[in-house]
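Undergrad: Quick check, what structure comes out for this input:
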Amino acid sequence: MIAEKILMFTPERWSSSRRFSRWHSSTYKFNEIQKRALLGVEGNLVKAGHLRSVYEKIIPNLTIDENQLNKNGYSPGLNSAELTTVFEALIVSQYSAIDCSIRVLRASLGGSVRGFKDSTRKCFQSFERIEGLPEEFKIHLREASWYFKLMNLRDEIIHFSLGSNSLNKDTGKIQYIHTGIKIHDKPLVIDDCSEWLFDLDKSVEKFIEGIFSELCKTLKSEKLIEYCGFVQGRILTRYIDPTEEVNFNSGQCMSHIWFEKPEEPSCPFSEYCGAYQRKARI
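TA: Below is the predicted model of the structure:
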């Protein structure tokens, strides 16, 4: 069965990284690795969102380990291990989104800067010394004071030892302990993992949104084709200019050349669509 109508063009809901990903090709000519890095920004953020959902769903399973311990005096802790696996995978995905963002920034700036090493950690360590790096990007790099703590945790998880999640009976919160990372000679302890993940989500989202918001400002003025949606299996398209404010009413309708014909299905969105009011002459 073919859907009667599907709306795809909802730019008000799109992040800056998604906008840049859709519209960058007329301004930047990325190689294959750079294109994959750009896809990796959104992909890792989406994966992190899925992992966060799984993490919250399996938290109640810790009671199974607790019941085994109370009944048998021992528990293999399989549910705790599963929760830790998801928690640490989430951290890696968030870091990967940042890593991909820095790769795209470096690719976009190209020869306009000097001293921009092909390394995310070196970028954060020495961005003040990168010649030609616009202040707009430096602001977001300075504000990401949380980066090095995340980097250290991600490095330990990827290259060395793993941590563990458990239920703190006194607080009722899920905590995370990693003995491979020391803070004042004591193991790293995250007292409330859900709150910590919420703060991490916001920090990463703010950083990536800031970087790509600035990159979107560098896009050239050019007519680009965007897909609006479908009606009875037929695709609807419009022209947009990425340098203008882009919302549902932006651009110029292209598909009017066929959906205005009496024998064709009409566009279900045209009645309240500004792009249709400015329909393009093709």
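Undergrad: How about stretch 236-256, which residues are buried there?
TA: Within stretch 236-256, the residues that count as buried by 16 or more other Cβ atoms under 10 Å are 236-242, 246, 248, 250-256. Bear in mind the C-beta positions are built from the backbone N, C-alpha and C, glycine included.
Undergrad: now, the most widely separated pair of those residues?
TA: With distances taken as Cβ to Cβ, the most widely separated pair in the buried residues of stretch 236-256 is 242 and 256, at 21.8 Å.
Undergrad: residues in contact with the spatially most central residue of the chain?
TA: The chain has residue 45 as the residue nearest its centroid, 3.2 Å off, counting by Cα atoms, centre = their mean. Listed by Cβ atoms under 8 Å, 6 or more residues apart in numbering, the contact set of residue 45 reads 15, 17, 93, 94, 97, 204, 205, 208.
Undergrad: give me that answer again for 6 Å
TA: If a contact means Cβ atoms under 6 Å, 6 or more residues apart in numbering, then residue 45 has residue 97 as its contacts.
Undergrad: Does it belong to a helix, a strand or coil?
TA: Of the three states, residue 45 takes helix according to DSSP: H, G, I helix; E, B strand; the rest coil.
Undergrad: which regions of the stretch 151-282 of the chain lie under the pLDDT threshold?
TA: Residue ranges of the stretch 151-282 of the chain with pLDDT under 70: 282.
Undergrad: what about the strands in it?
TA: 164-167, 174-183, 186-190, 224-231, 234-240, 252-253 (DSSP state E, counting those that start in this stretch).
Undergrad: any idea where the helices of the stretch 51-200 of the chain begin and end?
TA: 62-72, 78-109, 120-126, 135-143, 147-159, 193-216 (DSSP state H, counting those that start in this stretch).
Undergrad: deepest of those, which one?
TA: Most buried of the helices of the stretch 51-200 of the chain by mean neighbour count (mean count of other Cβ atoms under 10 Å) is helix 78-109; its value is a mean of 21.
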